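**Student:** how does the following fold in three dimensions:
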Amino acid sequence: MRAMLCIGLLAAAAALLVTAAPAGEKGKEPGKEKPTNPKELLGKEAPDFSLDTVDGGSFKLSGHREASIVVLTFWVSRFPASASGMPVVVGVTSKFRDKGVVFCAVSVKEDAEAVKRFQAERKLQFPSALDKDGEVARKYLVGGMPHTAVVDKDGTVQAVHPGFGPDLKTGLTKQLETLTAGKKLVKPPEEKPPEGEGAK
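**Tutor:** Here you go, the predicted model:
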């Protein structure tokens, strides 16, 4: 009798463990299971994209190839850090406009009205594209926002700024000074030799 009772208790405990395991997974967002490092993109070709803009137009990254240095800031207007960081990036990039720097904010999973409301309240005007499903943000390995990426004229990612910190203004300014002078911030990743080929 005691043996049967012990078996019953063990079975009940096992059932609780099985049913409890998935509960801890419910809070995870799809695609968030593995942390991403946006610095993996440094020196590599920036993912191309074409998005509708708030003003009814469109923004295509490759359309600026060879002509402009593009600064992208992924943001959400209701996030306090985004609200604080956006004026800083707009201010820095505007100083380099005559040197071929183009700025475009990328609003993630927001509609045009939310962006327009933010601009009106802050009295701040800037071009903003609409990443309605967050697909472009995923391509750029965006974890938190705001997130700024700097793309050189040759289409390579030269700098990333995850989040908004006190050094963003100084850091971004120095990076744009370097790039507008025709210099690189990072070297392209070295190509690995084909398998089976060793050093000669």
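
**Student:** ok so S84 is a helix residue?
**Tutor:** Yes: with DSSP: H, G, I helix; E, B strand; the rest coil as the criterion, S84 is part of a helix.

**Student:** would you confirm that it contacts P166?
**Tutor:** No: counting by CB atoms under 8 Å, S84 sits too far from P166 to count as a contact (10.6 Å). From N, CA and C alone the C-beta is placed, and that goes for glycine too.

**Student:** the two: which is more packed in?
**Tutor:** A side-by-side neighbour count of S84 and P166, using other CB atoms under 10 Å, places S84 first with 12 against 8.

**Student:** do you know the pLDDT at that one?
**Tutor:** In this model, S84 is scored at 90, pLDDT.

**Student:** can you map out the helices along this structure?
**Tutor:** Assigned by DSSP state H, the chain shows helices spanning 2-20, 80-94, 112-122, 135-139, 168-180.

**Student:** mean pLDDT lowest where, among those helices?
**Tutor:** Averaging pLDDT over each of the helices of the chain puts helix 2-20 lowest, since it has a mean of 42.

**Student:** show the contacting residues for the nearest residue to S77 once chain neighbours are set aside.
**Tutor:** Spatial nearest neighbour of S77, excluding adjacent residues (CB to CB, 6 or more residues apart in numbering): F118 at 4.0 Å. F118 makes contact with 77, 83, 124, according to CB atoms under 8 Å, 6 or more residues apart in numbering.

**Student:** quick check: of those residues, which has the highest neighbour count?
**Tutor:** S77 (20 neighbours).

**Student:** quick revisit: make a markdown table out of the contacts of F118 and add distance to L42.
**Tutor:** Output for those, formatted as a markdown table (distance: CB to CB, whole Å):
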| residue | distance to L42 |
| --- | --- |
| S77 | 28 |
| A83 | 27 |
| L124 | 29 |
